[in-house]
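1. All I have is the shape, not the residue letters:
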């Protein structure tokens with residue numbers, strides 16, 4: 001049976017456009033030993049997609065054809081690859097035709113790195129409006145000599161930006177409420193968080209978040225929840241001093257810098273997400289917030305994944321083009337079995353289309 005766009009692409013906030021105006025999406029296939037090719041094929045198989053966007057795949061044609069053949073047999077996937085543009089990148093890598101699903105190697109790591117870079121090159125040159133990345137494995141990137149923490153850092157380096165952030169977004173299937181969460185710090189040990197967090201970093205992240213909400217989501221006066229760092233937000237210095245010493249003064253100054261934005265904080269981390277849970281499951285009006293600013297990785301991503309594990313999308317803000325990605329990994333253990341869910345990839349495609357359309361709308365108004 002064919003997968004459908006059950007998450008976002010069927011929603012009315014995505015407009016159908018003439019061919020020349022449809023967002024142009026590049027989708028690098030991720031690690032070819034993982035579920036990336038499978039979830040991409042399942043996501044793009046829906047007939048509605050071609051009316052919403054122009055999709056170009058970046059990968060290796062023989063491997064993709066092999067994956068499609070398997071999916072036809074296991075789940076009856078109906079897709080004509082000849083109708084989908086594919087950019088062959090790194091086709092000459094030795095051993096690429098001999099990879100085994102579920103068995104990542106230096107070859108698969110190097111291939112996924114090359115595919116990402118080809119998509120970025122196209123976006124920087126105006127060939128694509130957005131890049132929707134499939135999952136990669138950092139360990140095999142490193143084994144292949146590509147020593148980056150992840151795809152986000154490659155995107156930022158290639159785009160020559162030093163101010164960027166990881167925003168996670170999802171839309172509730174129960175209420176339609178939009179969840180948005182920006183991380184102030186990302187992939188660092190927990191013991192380093194209090195040292196890495198500074199007023200300068202918080203200002204940088206808040207600037208990015210406000211600009212993103214206004215430019216990409218059309219929210220001119222957003223309401224943002226900002227978490228405390230310590231339990232009970234420090235409880236007046238009894239459970240940690242960062243809030244008293246600098247976070248609260250920083251927040252007061254930030255509110256003065258952004259009079260059109262409502263900033264609420266510092267909210268105790270253990271209660272900040274209660275209204276989000278209600279908004280997600282029962283009443284979209286339960287949360288007054290348009291976005292959440294979490295101070296470290298698990299503070300933001302435990303609630304995001306609890307609410308929206310199969311639906312959350314990672315989008316890199318601060319880039320000159322749109323980038324989205326599913327919020328999950330390569331799942332090597334189920335690669336090739338035909339059981340990988342494409343929900344998050346569908347949501348990543350849908351969000352990319354929505355963000356491109358919003359940027360184009362904003363640009364046309366300014367011009």
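-> Right, received. Where do you want to start? Note that this is a predicted model, so its numbers are computed, not measured.

2. now the worst-scoring helix or strand of the chain on mean pLDDT, how far from the centre of its chain.
-> Within the chain, no helix or strand scores below helix 343-366, which has a mean of 88 by mean pLDDT, DSSP states H and E. Its chain's average C-alpha position is 12 Å from that of helix 343-366, according to CA atoms, centre = their mean, to the nearest Å.

3. Buried residues, it. List them.
-> The neighbour-count check on helix 343-366 (16 or more other CB atoms under 10 Å) flags 343-359 as buried. Where you see a C-beta, it was placed from the backbone N, CA and C, and this is true even at glycine.

4. next one: stretch 293-310
-> Result for stretch 293-310 [16+ other CB under 10 Å]: buried residues 293-297, 299-301, 303-305, 307-308, 310.

5. same question, stretch 47-67
-> Applying 16+ other CB under 10 Å to stretch 47-67 flags 49, 52-60, 63-64, 66-67 as buried.

6. can you give me how far that stretch is from the chain middle?
-> On CA atoms, centre = their mean, the centre of stretch 47-67 falls 19 Å from the chain's centre.

7. Stretch 275-292 too?
-> So, by CA atoms, centre = their mean, the centroid of stretch 275-292 is 20 Å from its chain's centroid.

8. now what about it, what contacts it?
-> 167, 172, 174-182, 209, 213, 217, 219, 222-227, 264, 272-273, 300, 303, 307-308 (CB atoms under 8 Å, 6 or more residues apart in numbering).

9. quick one: which of the buried residues of stretch 293-310 sit in strands?
-> The strands, defined by DSSP state E, take in 293-294 from those.

10. Would you check which pair of the buried residues of stretch 293-310 lies furthest apart?
-> Greatest spacing in those, by CB to CB: 295 and 310 (25.6 Å).

11. Distance of the spatially closest residue to residue 361 that is not a sequence neighbour relative to residue 166?
-> Nearest residue to residue 361, sequence neighbours excluded (CB to CB, 6 or more residues apart in numbering): residue 218, at 7.8 Å. Noted for residue 218: a distance of 21 Å to residue 166, by CB to CB, to the nearest Å.

12. Ok, residue 345 next?
-> 18 Å.

13. Which parts of the stretch 201-350 of the chain are strands?
-> Applying DSSP state E, counting those that start in this stretch to the stretch 201-350 of the chain gives strands spanning 223-227, 262-267, 291-294, 313-317, 322-326.

14. could you dump those to CSV with distance to residue 116 and mean pLDDT?
-> Shown next, in CSV, are the strands of the stretch 201-350 of the chain (distance: least, CB to CB, whole Å; pLDDT from 0 to 100):
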stretch, distance to residue 116, mean pLDDT
strand 223-227, 31, 98
strand 262-267, 35, 96
strand 291-294, 26, 98
strand 313-317, 12, 94
strand 322-326, 10, 96
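
15. just so I know, which of the ones you listed lies nearest residue 130?
-> Using CB to CB, those put strand 322-326 closest to residue 130, at 3.7 Å.

16. in its sheet, what does that closest one sit against?
-> Applying DSSP bridges, strand 322-326 is found paired with strand 130-132 (parallel), strand 313-317 (antiparallel).

17. Quick check: which of the ones you listed is buried the most?
-> Of all the strands paired with strand 322-326, strand 130-132 has the most neighbours on average by mean count of other CB atoms under 10 Å, namely a mean of 27.

18. contacts for the helix or strand following that one?
-> Next along the chain after strand 130-132, taking DSSP states H and E as the criterion, comes helix 138-143. Outside helix 138-143, the residues that touch it by CB under 8 Å, 6+ apart are 31, 104-106, 108-109, 112-113, 147-150.

19. in the sheet, who's paired with the residue nearest to the spatial centre of the chain?
-> In the chain, the C-alpha nearest the mean C-alpha coordinate belongs to residue 314, at 1.6 Å (CA atoms, centre = their mean). Beta-bridge partners of residue 314, counted by DSSP bridges, are residue 168, residue 325.

20. returning to what we had before: which of the buried residues of stretch 47-67 fall within helices?
-> The members of the buried residues of stretch 47-67 that map onto helices under DSSP state H are 49, 52, 63-64, 66-67.

21. Next, the contact list for residue 90, please.
-> Residue 90 neighbours (CB under 8 Å, 6+ apart): 60, 96, 110-111, 114-115, 118.

22. just residue 315 next, same as before
-> For residue 315, the contact set (CB under 8 Å, 6+ apart) comprises 166-169, 322-325, 351, 355.

23. if we go to 6 Å?
-> Residues near residue 315 by CB atoms under 6 Å, 6 or more residues apart in numbering: 167, 324.

24. again with residue 333
-> Remark: with contacts taken as CB under 6 Å, 6+ apart, residue 333 is in contact with nothing.

25. Look up how far residue 129 lies from the nearest residue to residue 320 once chain neighbours are set aside.
-> The shortest distance from residue 320 to any non-neighbouring residue, by CB to CB, 6+ apart, is to residue 159 (5.8 Å). Using CB to CB, one obtains 14 Å as the distance from residue 159 to residue 129.

26. Also residue 190?
-> Residue 190 is 37 Å from residue 129, by CB to CB.

27. Specify which residue of these two has the higher count of neighbours.
-> For residue 190 and residue 129, the more surrounded residue by other CB atoms under 10 Å is residue 129, and the numbers stand at 23 against 11.

28. can you tell me which residues contact the more buried one?
-> Contacts of residue 129 by CB under 6 Å, 6+ apart are 23-24, 356.

29. With residue 153 as the reference, measure out to it.
-> Per CB to CB, residue 129 is found 22 Å from residue 153.

30. Over to residue 77?
-> Distance from residue 77 to residue 153, by CB to CB: 33 Å.
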